[in-house]
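Asker: what's the 3D shape of this:
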Amino acid sequence: MTVPLGPHFVSDCALIAFAHAMRDRLQRSSARRYLDRVTGTVIAAFGIRLALGR
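Answerer: Just a heads-up that it's a prediction; the model follows:
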């Protein structure tokens, strides 16, 4: 039995390797604060857009 190695498998492996390499940088408090700000901004913008009915 062979395992199909399609483009999704390759991209998933690349994503896992990238996340593993970035783990230490993303766990810093400055990076977490930045990600929290970006996430909050996106959620607020979505809420405003939803409230305005656009």
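
Asker: other SSEs contacting the helix or strand of the chain with the lowest mean pLDDT?
Answerer: Least confident helix or strand of the chain, by mean pLDDT, DSSP states H and E, is helix 7-26 with a mean of 90. Packed against helix 7-26, as judged by 3 or more C-beta pairs under 8 Å, 6 or more residues apart in numbering; DSSP states H and E, are the following elements: helix 29-52. Where C-beta positions appear, they are placed from N, C-alpha and C, glycine not excepted.

Asker: got a list of contacts for the helix it packs on?
Answerer: 25, 26 (C-beta atoms under 8 Å, 6 or more residues apart in numbering).

Asker: and the angle from the least confident helix or strand of the chain to helix 29-52?
Answerer: When axes from the mean of the first three to the mean of the last three C-alpha atoms, to 10 degrees is applied, the directions of helix 7-26 and helix 29-52 differ by 120 degrees.

Asker: Could you list the buried residues of helix 7-26?
Answerer: For helix 7-26, a neighbour-count test (16 or more other C-beta atoms under 10 Å) marks nothing as buried.

Asker: Dump that helix to PDB, keeping only the CA atoms.
Answerer: Written as PDB, here are the backbone C-alpha positions of helix 7-26 (Å, rounded to 0.1, in the frame of the first residue of the first chain):
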ATOM      1  CA  PRO A   7       0.500  18.900  -2.700                       C
ATOM      2  CA  HIS A   8      -1.500  19.200   0.500                       C
ATOM      3  CA  PHE A   9       0.800  16.800   2.300                       C
ATOM      4  CA  VAL A  10       3.900  18.800   1.200                       C
ATOM      5  CA  SER A  11       2.300  22.200   2.100                       C
ATOM      6  CA  ASP A  12       1.200  20.800   5.500                       C
ATOM      7  CA  CYS A  13       4.800  19.600   6.200                       C
ATOM      8  CA  ALA A  14       6.200  23.000   5.200                       C
ATOM      9  CA  LEU A  15       3.700  24.700   7.500                       C
ATOM     10  CA  ILE A  16       4.600  22.500  10.500                       C
ATOM     11  CA  ALA A  17       8.300  23.100   9.900                       C
ATOM     12  CA  PHE A  18       7.800  26.800   9.700                       C
ATOM     13  CA  ALA A  19       5.700  26.800  12.900                       C
ATOM     14  CA  HIS A  20       8.300  24.800  14.700                       C
ATOM     15  CA  ALA A  21      11.000  27.200  13.700                       C
ATOM     16  CA  MET A  22       9.000  30.200  14.800                       C
ATOM     17  CA  ARG A  23       7.900  28.800  18.100                       C
ATOM     18  CA  ASP A  24      10.400  30.600  20.300                       C
ATOM     19  CA  ARG A  25       9.800  33.900  18.600                       C
ATOM     20  CA  LEU A  26       6.000  33.700  18.800                       C
END
